[in-house]
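K.L.:
predicted model, plus sequence, below.
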Amino acid sequence: MSLLLCVSGFLKLCHHLSMGLVMNLAVKRAIGLMSGTSADGVDAAIIETDGVSILARGPYEFVAYNASEQSLLQEQMREMAGLSHGGTSELAARRAIVDRVSPLVTARHIDAVRRLMSVSGFGPMDIDVIGFHGQTLFHDAAQHVTLQAGSGPELACALGMPVVHELRQSDLQAGGQGAPLVPVYHQALATEAGLELPVVIVNIGGVANVTYIGPSGDGAGSNELLAFDTGPGNGLLNDWVFGKCGEPMDAGGAYARRGAVDERIVADFLEGAYFKKAPPKSLDRHEFSTDALRAVTAAGLTLEDGAATLVEMTVRSIAVAEAYMAARPKRWVVVGGGAKNEHMMQRLAAVVSAPVCGADEFGWQGNFVEAEAFGFLAVRHLAGLPLTFPGTTGVMAPQVGGQLAEV
C-alpha cells in the first residue's frame, strides 16, 4: 500500500474518531439531484460516501428545462409568492400549484437520472439510494411551510431505486428553519480539501447562503458550524437582465462590469430588517423581488447600472454575514452559479476580509455541489445521522430528516 493511501486512510480514521461516530458506517453509492430556484434544469451527481467522509465524486449530468417549462415554473413561483400569508385557503392554493407542476418536475428528474446512469455505466443495482430535493416553489419558515414540487415515491417506482425525499419537513416541524440543508456537506468538503479553519463556503444561487466552519466544528451541532441565508444571490440580477433584454443572466458579469452602482439604493436595501436579524434565518427566492426591483426600476437605471447595483446588493449582504461569525475566516470559497460571474467574485473579494476563490480551486464541481450534497444527505439518512443542527437551522436538537421511498 502506498504512503499516500496510508496517510489518506489515517486522516479518514481520525476524522471519524473526532466526530464521535461508530467506525462501521457503510460506504454507499448515491445519486443526488437538485433543481435550484433559477429553475433552469436538474443537476445530477454521483457520490460515494459513508455519510461522513467523501470517497469519490462524479460523474455529473445536467438536464435543462426547455424555455416553456422554465417559464411555467418561474411563473408558478411568482404566483406562490404573491399569495397572502397565513390562511388555510392560501395554503390550499399553494398546494394546488405544487400538484400542477409536480408531474413535470418528476419527469425531468427521471430524465436526469437516466442520462447520468447512461454516461456513468452504472445500473440500478449499482446505486444504493437517490437523494431527491425537488423543486422549491415556496419557503416561509415563520409559517412552518416549505413546498417542493416532485414526487419521491414516483421517482423510486419509475427508476427502481430507493429515494430519500421530503428533506426539510422534519426540521421545520421541530422548530427549525428547514434551511439551509447543505452545511454538513460543506463541512465534509472542507475536511476533504484540508482547508485551514475557520473557512466560509458561500453558495450563490437564486438566494445566497453561507456556511461558517470553525476550528471546533464537529458536525454534531457545535456552535462552530453556523449557516444561514444572507440575502439575494443571482435571482434579482437574473430577473433584471431578463426583463431588460430577454437574456436569462448577466453572463460573466459583463453588464454589471460596465455599470455604475447606485449607492443610495444599496444603502436603503441594507437597512432592511432581514439584515439586522441574527441567524437562524432563511429566505424564499422572491423575498426581495418586488421592493428591490421596484427601487431599481423607479430610479430609471440602465441595464448596466441596474446590474451593477444588484450585484452590490448581493455581495454586501454576504459581507454583513461576517458579523455573526465567531472568528475572522481565513478564506471564502464560492460555489453555485455566482462563482461563474467574474464581476460578482471581484466585488465580493473587495468587501470581505479574507481571500475569495471559486470551488474549482479545490477540484470541486461548483455547479454540482448541491446535487452531490443531496446524495450525501440521503446516505446520512440511511445511516441515521443528522442532516440539520442548531447552528445551521436553529432547530433545538440535531434532526435526522427525510423520508425513504422504497422500490
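P.N.:
That came through, no problem.

K.L.:
what count of nearby residues applies to Val266?
P.N.:
Neighbour count of Val266, defined by other Cβ atoms under 10 Å: 20. Glycine gets a C-beta too; all of them are placed from N, C-alpha and C.

K.L.:
make sure it is actually in contact with Thr314.
P.N.:
No. The pair Val266 / Thr314 is not scored as a contact, 10.1 Å apart, by Cβ atoms under 8 Å.

K.L.:
now do the helices in the stretch 1-150 of the chain.
P.N.:
Using DSSP state H, counting those that start in this stretch, the helices found in the stretch 1-150 of the chain span residues 3-19, 67-82, 88-120.

K.L.:
so what touches stretch 188-195?
P.N.:
Stretch 188-195 has contacts (Cβ atoms under 8 Å, 6 or more residues apart in numbering) with 15, 49, 52-54, 197, 199, 201, 213, 219, 330-331, 333, 362-364, 369, 376.

K.L.:
hmm, 10 Å instead?
P.N.:
Residues from elsewhere that reach stretch 188-195, judged by Cβ atoms under 10 Å, 6 or more residues apart in numbering: 11-12, 15, 18-19, 47, 49, 51-55, 57, 182, 196-201, 211, 213, 217, 219, 330-331, 333, 335, 359, 361-364, 369, 372-373, 376, 380.

K.L.:
quick check on these: which are buried?
P.N.:
12, 15, 19, 47, 49, 51-54, 57, 182, 197-201, 211, 213, 217, 219, 331, 333, 335, 359, 364, 369, 372-373, 376, 380 (16 or more other Cβ atoms under 10 Å).

K.L.:
restricted to strands, list those residues.
P.N.:
Judged by DSSP state E, strands contain the following of those: 47, 49, 54, 57, 199-201, 211, 213, 331, 333, 335.

K.L.:
turn those into CSV, including distance to Ala142.
P.N.:
Compiled in CSV, those are given as follows (distance: Cβ to Cβ, whole Å):
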residue, distance to Ala142
Ile47, 33
Thr49, 33
Ile54, 34
Arg57, 36
Val199, 30
Val200, 26
Ile201, 26
Thr211, 22
Ile213, 27
Arg331, 33
Val333, 30
Val335, 27
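
K.L.:
of the residues you listed, closest to Ala321?
P.N.:
Among those, Val200 lies closest to Ala321 (Cβ to Cβ), at 8.0 Å.

K.L.:
from Val311, how far off is that closest one?
P.N.:
19 Å (Cβ to Cβ, to the nearest Å).

K.L.:
let me see the ranges of the strands in the stretch 301-407 of the chain.
P.N.:
Secondary structure of the stretch 301-407 of the chain (DSSP state E, counting those that start in this stretch): strands at 331-335, 356-358, 403-405.

K.L.:
burial of the closest residue to Glu69 other than its chain neighbours, as a residue count?
P.N.:
Take Glu69 and drop its neighbours on the chain: the residue closest to it by Cβ to Cβ, 6 or more residues apart in numbering is Leu104, 6.1 Å away. Number of residues near Leu104 (other Cβ under 10 Å) recorded here: 17.

K.L.:
residues touching the residue nearest the centre of the chain, list them.
P.N.:
By Cα atoms, centre = their mean, the chain has its centre lying nearest to Glu370, at 5.4 Å. With contact set as Cβ under 10 Å, 6+ apart, Glu370 has these partners: 32-36, 43, 45, 133, 180-182, 185, 203, 205, 335-336.

K.L.:
again, but for Thr297
P.N.:
Applying Cβ under 10 Å, 6+ apart, the residues near Thr297 are 240, 243-244, 306.

K.L.:
separation between it and Trp240?
P.N.:
From Thr297 to Trp240 the distance is 9 Å (Cβ to Cβ).

K.L.:
got any residues that touch both of those two?
P.N.:
By Cβ under 10 Å, 6+ apart, the residues touching both Thr297 and Trp240 are Gly306.

K.L.:
in this structure, where is pLDDT below threshold?
P.N.:
Scanning the chain with the threshold set as pLDDT under 70 gives 1-24, 84-87, 216-223.
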